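Enquirer: turn this into a structure:
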Amino acid sequence: MGSKRMFARISRRKFSVVTLAKNTNQALELGKYALNFMKNGQPSPAVVERLKLFHTDSVICGISALALKTNAPTVLRDEALKYSTKKESTRAKTGYARVFGSKEHVLAEKAIVANCSAVREWDSNGTVFGFNKDIQGHQAGEFGHNDFYPVVIAACQQNRDLRGRDAVKAMILLDEIRGRLAEVFSLKTYKIDHVVHGAIASAVTYGALLGATPEQIEHAIGMFVAHYIPFRAIRAGKQLSDSKGASAAISTEAAILCMKRAMNGFIGPKDIFRNPEAIFRLFEPTNGDSPFNLVLGEKGDDFAVMGMHFKLGLYEHQSAGAIEGLLKLIQQNAFLEQGNPDCIDKVKIIAYQPAFGIIGDPAKRNPTTRQSADHSMVYIISAILRKALGNRTILDRKFSNLDDIWRALMLEPEDYSYRAVFDQTTRNIMSKISFEHGGKEYDSKYPEGIPTSIKITLKNGNTLDSGFVMFPSGHARNTAADLKAILNYKFNLLGKLAIADSAQLNEYVERLQKLETLDNKSLQVIYDCNIKYAPKSIDDQ
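Expert: Numbering: from 1, shown residues only. Now for the predicted structure:
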């Protein structure tokens with residue numbers, strides 16, 4: 001069937017999309033779409049530029065997490081290196097790829113699990129909330145993160161015909177599939193972990209880059225969905241474990257193995273989106289169709305990555321509205337006193353579900369691990385206030401705009417170290433914070449935005465009110481922040497933890513930002529850098 005007849009097309013404005021209808025075999029059609037997109041897709045320059053920022057952000061997060069010896073990335077990288085050929089090379093090798101900071105070939109799926117884990121560890125890279133205002137029923141609001149780019153690089157390191165422009169296109173493809181799935185099927189509603197959509201997209205993209213047929217891609221999707229669905233037990237409990245940060249990596253490793261097996265002839269469950277006992281129809285029963293149409297970009301500006309959000313530091317993204325509100329209050333009011341948290345009487349934060357349920361969980365009021373602290377609203381806001389009480393730029397009001405305050409108070413790994421988590425000033429401020437659910441007024445504005453407000457009552461009785469925050473800095477619909485300038489600050493802040501020499505760091509970031517110009521030899525070493533390792537883990541007492 002020719003590509004012009006393969007899909008139903010909708011053309012409008014400066015983009016075109018394809019619809020994989022709910023009454024079709026969407027798993028097979030995803031394979032056809034991926035192969036067609038890699039051949040004929042035409043994302044706009046704006047899409048390419050945004051993708052490169054997300055990729056650079058993810059890599060800087062990854063190498064800094066390794067440099068500070070965080071546990072899961074270190075364990076998984078060490079595991080990967082056990083599968084090394086013990087030879088350094090700049091040539092493509094089928095079945096092999098490379099981990100961050102190394103030129104050695106290791107098994108591709110081991111490189112992928114290690115690199116994806118490192119990228120996700122800080123919980124500081126990109127986020128999607130699954131919202132498409134233009135299509136009815138495409139506002140499911142499922143979470144997702146930009147954790148999966150190492151899948152593309154691993155494929156490029158096996159296929160010498162692939163170049164940087166192919167890598168960029170494939171990353172856009174991967175984000176498109178997982179981002180559009182997030183718009184139409186809410187995994188969290190059924191206690192399924194959000195990484196499923198990214199794992200499916202990873203299998204599709206990996207197969208498309210390495211020569212899989214649409215049928216093999218269908219088998220891989222079917223295998224993953226039938227055998228490897230993770231539940232949110234990963235994120236439950238009073239103190240979160242390594243499984244929270246490594247969930248995307250572990251599920252993606254499984255998805256890649258499914259793709260490899262399918263390419264070797266394994267026949268997986270077919271037509272999985274219409275399978276009545278797979279997760280989609282099991283939780284959203286139909287008379288035989290898939291529960292949703294899947295609408296995917298072909299060319300122009302309308303790609304899911306354009307609606308994804310940046311984190312401007314280390315924090316759970318659903319706290320971004322509260323952070324923005326707090327920073328605006330600092331910008332507008334000179335109420336802080338050096339080293340004195342007692343200038344604040346109480347703080348009240350109001351937000352939406354699911355933010356209230358996830359980062360407002362009562363168990364998160366007393367985080368004892370970094371993984372729990374970065375998912376605790378009261379900790380995140382208290383850590384920023386603690387930093388502000390000791391920051392001369394803030395106290396002397398040497399800032400000219402909100403961007404300056406974001407940079408001055410950007411949360412970094414040290415703010416979640418063992419010492420920081422138990423800091424008494426932070427704990428003092430935490431005791432002053434209440435977090436409330438805003439009800440329908442707030443819930444109705446999610447996932448379009450991050451509806452939040454924050455009120456600070458001072459010891460003198462005055463109350464400071466942020467008002468209603470919807471699109472904080474970093475959000476795809478925020479137009480006020482100088483995003484690139486703040487991200488460049490973040491890249492330097494985290495990057496220097498891993499690459500000590502500033503010139504080398506600048507060169508490394510520049511290389512990442514020129515991804516589409518690289519040849520295959522350059523892609524072989526794109527993740528190689530001389531990582532400066534800390535003497536001990538940031539999580540050690």
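
Enquirer: what's the local residue count around Lys445?
Expert: For Lys445, the neighbour count with other CB atoms under 10 Å is 17. No exception for glycine: its C-beta is placed from N, CA and C like everyone else's.

Enquirer: can I assume it is in contact with Gly439?
Expert: No: using CB atoms under 8 Å, Lys445 is not in contact with Gly439; the gap is 11.3 Å.

Enquirer: distance check, Ala220 against Leu336.
Expert: 54 Å (CB to CB, to the nearest Å).

Enquirer: same question for Ala254.
Expert: Taking CB to CB, one finds Ala254 at 48 Å from Leu336.

Enquirer: Ala220 and Leu336: who's more crowded?
Expert: Ala220 (30 against 21).

Enquirer: ok, that one to Leu257 distance?
Expert: The value you get for Ala220 to Leu257, if CB to CB is used, is 9 Å.

Enquirer: again, but for Ala320
Expert: Ala320 is 35 Å from Leu257, where distance means CB to CB.

Enquirer: more neighbours: which of those two?
Expert: A side-by-side neighbour count of Ala320 and Leu257, using other CB under 10 Å, places Ala320 first with 28 against 20.

Enquirer: which SS class is that one?
Expert: When classified by DSSP: H, G, I helix; E, B strand; the rest coil, Ala320 comes out as helix.

Enquirer: how about it, what does it touch?
Expert: His309, Lys311, Leu312, Ile450, Pro472, Ser473, Gly474, His475 (CB atoms under 8 Å, 6 or more residues apart in numbering).

Enquirer: how near is it to Ala355?
Expert: Ala320 is 10 Å from Ala355, by CB to CB.

Enquirer: between the two, what contacts are shared?
Expert: Listed as contacting both Ala320 and Ala355 by CB under 8 Å, 6+ apart are Ile450.

Enquirer: any regions of the protein where pLDDT drops low?
Expert: Along the chain, segments meeting pLDDT under 70 span 1-15, 237-239.

Enquirer: can you show me the strands along it?
Expert: Listed in chain order, the strands of the chain (DSSP state E) span 8-12, 15-20, 42-43, 84-88, 96-97, 104-107, 127-128, 144-145, 294-300, 344-351, 433-437, 453-458, 463-465.

Enquirer: distance to Glu324 and mean neighbour count added to the ones you listed, as CSV?
Expert: CSV is the format used below for the strands of the chain (distance: least, CB to CB, whole Å; neighbours: other CB atoms under 10 Å):
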stretch, distance to Glu324, mean neighbour count
strand 8-12, 33, 12
strand 15-20, 30, 19
strand 42-43, 29, 19
strand 84-88, 44, 12
strand 96-97, 38, 24
strand 104-107, 41, 21
strand 127-128, 15, 26
strand 144-145, 20, 26
strand 294-300, 29, 22
strand 344-351, 12, 21
strand 433-437, 16, 17
strand 453-458, 9, 20
strand 463-465, 14, 14
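
Enquirer: and Ser117, which of those strands is closest to it?
Expert: Taking CB to CB, strand 144-145 is the member of the strands of the chain nearest to Ser117, at 12.2 Å.

Enquirer: just checking, what packs against the closest one?
Expert: strand 127-128, helix 164-184, helix 195-209 (3 or more CB pairs under 8 Å, 6 or more residues apart in numbering; DSSP states H and E).

Enquirer: most packed of those?
Expert: helix 195-209 (a mean of 30; mean count of other CB atoms under 10 Å).

Enquirer: what's that one packed up against?
Expert: Here helix 195-209 touches helix 26-40, strand 144-145, helix 149-156, helix 164-184, helix 214-227, helix 242-263, going by 3+ CB pairs under 8 Å, 6+ apart.

Enquirer: tell me which residues of the first one come out buried.
Expert: Same thing as helix 26-40. By 16 or more other CB atoms under 10 Å, the buried positions in helix 26-40 come out as 26-38.

Enquirer: who touches that helix?
Expert: Against helix 26-40 from outside (CB under 8 Å, 6+ apart): 3, 6-7, 18, 20, 166, 169-170, 173, 176-177, 204-205, 207-209, 212-218, 221-222, 270-274, 290, 294, 296, 298.

Enquirer: re the thing from before, could I get the helices and strands packed on helix 195-209 as JSON lines with distance to Cys529?
Expert: Shown next, in JSON lines, are those (distance: least, CB to CB, whole Å):
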{"stretch": "helix 26-40", "distance to Cys529": "28"}
{"stretch": "strand 144-145", "distance to Cys529": "22"}
{"stretch": "helix 149-156", "distance to Cys529": "14"}
{"stretch": "helix 164-184", "distance to Cys529": "17"}
{"stretch": "helix 214-227", "distance to Cys529": "32"}
{"stretch": "helix 242-263", "distance to Cys529": "20"}
